[in-house]
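J.: Got a sequence here, can you model it:
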Amino acid sequence: MYELDDLVLFELPVYADVDALSRRVRPRWRGWTRREDDLWLVAAEVDPDPADLSTLLREVEAFVADEGLLAIRFCLDGRFHVMEAPALERAA
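T.: So this is what the prediction gives:
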């Protein structure tokens, strides 16, 4: 059975977004923030239960939409992924 890493890294371009995301995911998920080169990292530790990871990703997806961001990158298990804001349903 394949085990996931217990740490997810989210990349954000400006500190204001880092502060907002940190407030949103703490205290449910422990972690840290750090600046590397010209971007900020927000780390979140997840439980081994896959439901915890999916809950975190849904929470961050909602953050991306609420903050008006188009997308952010995140790293999970050494692979980078792009999380886009959820598509808005349009009235017909």
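J.: so where do the helices sit in this structure?
T.: Using DSSP state H, the helices of the chain run over 15-25, 50-66.
J.: Can you list the buried residues in the first one?
T.: Across helix 15-25, burial judged by 16 or more other Cβ atoms under 10 Å covers 17-18, 21-22, 24-25. All C-beta spots, glycine's among them, are computed from the backbone N, C-alpha and C.
J.: do the same with the last one
T.: Within helix 50-66, the residues that count as buried by 16+ other Cβ under 10 Å are 52-53, 56-57, 60, 63-64.
J.: Just send those residues back as JSON lines, with distance to R73 too.
T.: Below are the buried residues of helix 50-66 laid out as JSON lines (distance: Cβ to Cβ, whole Å):
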{"residue": "D52", "distance to R73": "21"}
{"residue": "L53", "distance to R73": "17"}
{"residue": "L56", "distance to R73": "15"}
{"residue": "L57", "distance to R73": "13"}
{"residue": "V60", "distance to R73": "11"}
{"residue": "F63", "distance to R73": "14"}
{"residue": "V64", "distance to R73": "11"}
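J.: which residues pair with the closest residue to Y15 other than its chain neighbours across the strands?
T.: Nearest non-adjacent residue to Y15, counting by Cβ to Cβ, 6 or more residues apart in numbering: W40, 6.0 Å away. Under the criterion DSSP bridges, W40 forms beta bridges with L12, R35.
J.: Pull up the gap between W40 and S54, please.
T.: Per Cβ to Cβ, to the nearest Å, W40 is found 24 Å from S54.
J.: do A44 as well
T.: As judged by Cβ to Cβ, A44 and S54 stand 13 Å apart.
J.: what's the answer for A62, then?
T.: According to Cβ to Cβ, A62 and S54 sit 13 Å apart.
J.: Need the residues touching each of those two.
T.: Counting by Cβ atoms under 8 Å, 6 or more residues apart in numbering, A62 and S54 have no contacts in common.
J.: how many neighbours does the closest residue to E11 other than its chain neighbours have?
T.: In this structure, E11 finds its nearest non-sequential neighbour in R73, 4.5 Å apart by Cβ to Cβ, 6+ apart. When neighbours are defined as other Cβ atoms under 10 Å, R73 has 13 of them.
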